[in-house]
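Q: The following comprises the amino acid sequence and a computationally predicted model.
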Amino acid sequence: MELTGKARRIAIAILAYLVKHPDAKDSLAGIRLWWIDDPDKCSDKELRWAAEALVERGLLRTWEASPGSVVFGPSKKFLEAPEARLGELESRRVNEQQ
C-alpha cells in the first residue's frame with residue numbers, strides 16, 4: 001500500500017503524535033479527534049488508508065477492543081526508534097517532492 005499525498009501527511013501526523021505520546025491507543029475516530037492537527041481536512045477513507053498503510057509497514061498495530069471495534073497504537077518496531085521511523089517517512093515525502 002503506497003502512501004502519497006494527503007494520506008502520507010496523515011500518516012506523518014499519526015507518527016508525530018506517537019513520538020510525543022508513545023502509550024497512545026485509539027480508534028480511527030479518536031485518532032481523527034486527538035492525533036491529527038486539522039481533522040476536518042481528512043476524509044475517513046484517507047485516515048483509514050494511512051492507518052492501514054502504517055500497520056502494513058509494521059509501525060502501528062491493532063487490537064480488537066470489542067467485536068468489530070479496532071484500536072490502533074504504536075508497534076514494538078516503531079517504539080524501538082520512533083524519531084527514526086518518523087524521519088524515514090518524512091524523508092520519503094521530501095524525496096518525492098524533488
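A: Nice, thanks for sending it over. Being a predicted model, the structure only gives us computed values, none of them experimental. Numbering: from 1, shown residues only.

Q: what about residue 90, how many residues close to it?
A: Applying other CB atoms under 10 Å, we find 15 residues neighbouring residue 90. In short, each C-beta sits where N, CA and C put it, glycine included.

Q: Could you find the closest non-adjacent residue to it?
A: residue 12 (5.9 Å; CB to CB, 6 or more residues apart in numbering).

Q: I'd like to know how many residues surround that neighbour.
A: Counted with other CB under 10 Å, residues neighbouring residue 12 total 18.

Q: hang on, it is in a strand, isn't it?
A: No. Per DSSP: H, G, I helix; E, B strand; the rest coil, residue 12 lies outside any strand segment and is helix.

Q: Identify each buried residue in stretch 25-33, please.
A: 25-26, 28, 31-32 (16 or more other CB atoms under 10 Å).

Q: gap between the host helix or strand of residue 16 and the chain center?
A: Using DSSP states H and E, residue 16 sits in helix 5-20. Chain-centre distance of helix 5-20: 5 Å, with CA atoms, centre = their mean, to the nearest Å.

Q: Return the list of helices and strands in contact with the next helix or strand after it.
A: Downstream of helix 5-20, the first helix or strand assigned by DSSP H and E is helix 28-30. The criterion is 3 or more CB pairs under 8 Å, 6 or more residues apart in numbering; DSSP states H and E, and the helices and strands that helix 28-30 contacts are helix 44-56.

Q: Tell me which other helices or strands the helix it packs on touches.
A: For helix 44-56, the packing partners by 3+ CB pairs under 8 Å, 6+ apart come out as helix 5-20, helix 28-30, strand 60-66.

Q: who's in contact with it?
A: 1-3, 6-8, 10-11, 14-15, 28, 31-32, 36, 60-62, 72 (CB atoms under 8 Å, 6 or more residues apart in numbering).
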